[in-house]
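**Q** Take this sequence and fold it.
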Amino acid sequence: MGAMPSPDSASDLYGLPLDQFTPARGELVKRLKSEGNREEAAQVGKLRKPTLPAWAVNQLVRTQPKRIGALFEAGDAVAKAQTSGQANKLREAAAEQRDELAGLMARAEGLLDSEGRGLTASVLERVSETLRAAAIDPESRAQVADGCLTRELQFTGLGGFSASAPSPSRAAKRGGQAEADERRRHEVKAAREEEGQAKRELKESQAELRQAEKQVAAAQRTRDKAAARVEQAQEALAEAGRRLKSAQRGGK
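**A** Below you'll find the model as predicted:
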């Protein structure tokens, strides 16, 4: 195992390998407390560990800033063309956005999870969905841009974005319930993932506690052995002193 990570700030936590997030957060909390920054330490202690798709997006934001910027620019162009109703511009902007997204997803395929495995197709799909949301939605972009995302985002699309999409009124009639059902499924899935993440963090914390308790017990045993050796040395010194005095008396 490598040395315990020691991040300089809360933001640095989200750039670490996913399995280092929890121990590094604990290390940062400990350091902040030792420096007297208890309020900041409490805030850091509440930071959520990102889901795997969110972690992957964070790595792309941090390591591919130019491509992320290009994706956002393409998304702005799509939104502008959508508003102006320029079909040619919309097709061009949409194609550019697809190209930039494809480039980022190629990088995402090279990322490895905590077990050293490549990201699954379902994880990659959620990464793609989050990036598409950030490309066209200002609120989603604000959540993604600093590389500190904790959970993936849902892409809802823009009205008329797809050339084959029905009109907004027909889409609302046909897809309103389906969208509501999909949102609920997404929320249930996200809640289950958060529960699983919380369980994993609890397990990690319990393992850290057990390790710390073992270290304390080992230190106590070492202390006890050292104390016993000191006591033996003191007794030997006293005995040597008595023999010296006896020898001195016998020589007179």
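
**Q** quick one: pLDDT of the residue nearest to residue 132 when sequence neighbours are not counted?
**A** Leaving aside its sequence neighbours, residue 132 sits nearest to residue 155 (Cβ to Cβ, 6 or more residues apart in numbering; 4.4 Å). All C-beta atoms are positioned from the backbone trio N, CA, C, and that covers glycine. Residue 155 carries a pLDDT value of 77.

**Q** Verify the contact between residue 155 and residue 126 for me.
**A** No. Counting by Cβ atoms under 8 Å, residue 126 is not a contact partner of residue 155; they are 9.6 Å apart.

**Q** And these two? Which one has more around it.
**A** Per other Cβ atoms under 10 Å, whichever of residue 155 and residue 126 has more neighbours is residue 126, with 26 against 18.

**Q** Show me what counts as buried in the host helix or strand of that one.
**A** If you go by DSSP states H and E, residue 126 is part of helix 121-136. By neighbour count on 16 or more other Cβ atoms under 10 Å, the buried set for helix 121-136 is 123-124, 126-136.

**Q** Show residues contacting it.
**A** Applying Cβ atoms under 8 Å, 6 or more residues apart in numbering, the set of residues contacting helix 121-136 from outside is 52-54, 56-57, 60, 71-72, 74-75, 78-79, 97, 101, 104-105, 108-109, 119, 140-141, 143-145, 149, 152-158.

**Q** re the thing from before, what's the closest of the buried residues of helix 121-136 to residue 242?
**A** Lowest distance from residue 242 to the buried residues of helix 121-136 (Cβ to Cβ) belongs to residue 123, with 76.4 Å.

**Q** which non-adjacent residue is nearest residue 9?
**A** Closest to residue 9 by Cβ to Cβ, 6+ apart is residue 28, at 8.0 Å.

**Q** Who are the contact partners of the nearest residue to residue 119 once chain neighbours are set aside?
**A** In this structure, residue 119 finds its nearest non-sequential neighbour in residue 111, 5.7 Å apart by Cβ to Cβ, 6+ apart. For residue 111, the contact set (Cβ under 8 Å, 6+ apart) comprises 56, 59, 118-119.
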